[in-house]
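Engineer: Sharing a sequence plus its predicted fold:
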Amino acid sequence: MSISSETMMFKRNTDKANVADTLKEVCEALKEKGYNPVDQLTGYLLSGDPTYITSHNDARTKLRHYERYELLEELVINYLEKTKK
């Protein structure tokens, strides 16, 4: 078994609707139902279990339009943009 020393390239899918807007909508729905959005999104991203996300305002359906890696990608991009200032 050989381990490649090559770095794998990951290409971002830019054809999807705005992930950031969806994350904001989902966070708002979670807040409206009394949940902590950070805790709930973290649980969903780590486990893949959609029950961490409320169905209020179709939040669960909206979020599941994206793969978890796409959501993480958006969060990392946003974090890096805010911290480079």
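Structural biologist: Noted; the coordinates are in hand.

Engineer: helix or strand for the spatially most central residue of the chain, which one?
Structural biologist: The geometric centre of the chain, computed from its C-alpha atoms, lies nearest to L71 (CA atoms, centre = their mean), at 2.4 Å. Assessed by DSSP states H and E, L71 sits inside helix 68-83.

Engineer: So what touches stretch 42-60?
Structural biologist: 25-26, 28-30, 32-33, 35, 40-41, 61, 63-64, 68, 71-72 (CB atoms under 8 Å, 6 or more residues apart in numbering). For glycine as for every other residue, the C-beta is placed from the backbone atoms N, C-alpha and C.

Engineer: Is L71 in contact with L63, as I believe?
Structural biologist: Yes - contact criterion CB atoms under 8 Å: L71 and L63 qualify, at 7.3 Å.

Engineer: what do those two both touch?
Structural biologist: Common neighbours of L71 and L63 (CB under 8 Å, 6+ apart) are L23.
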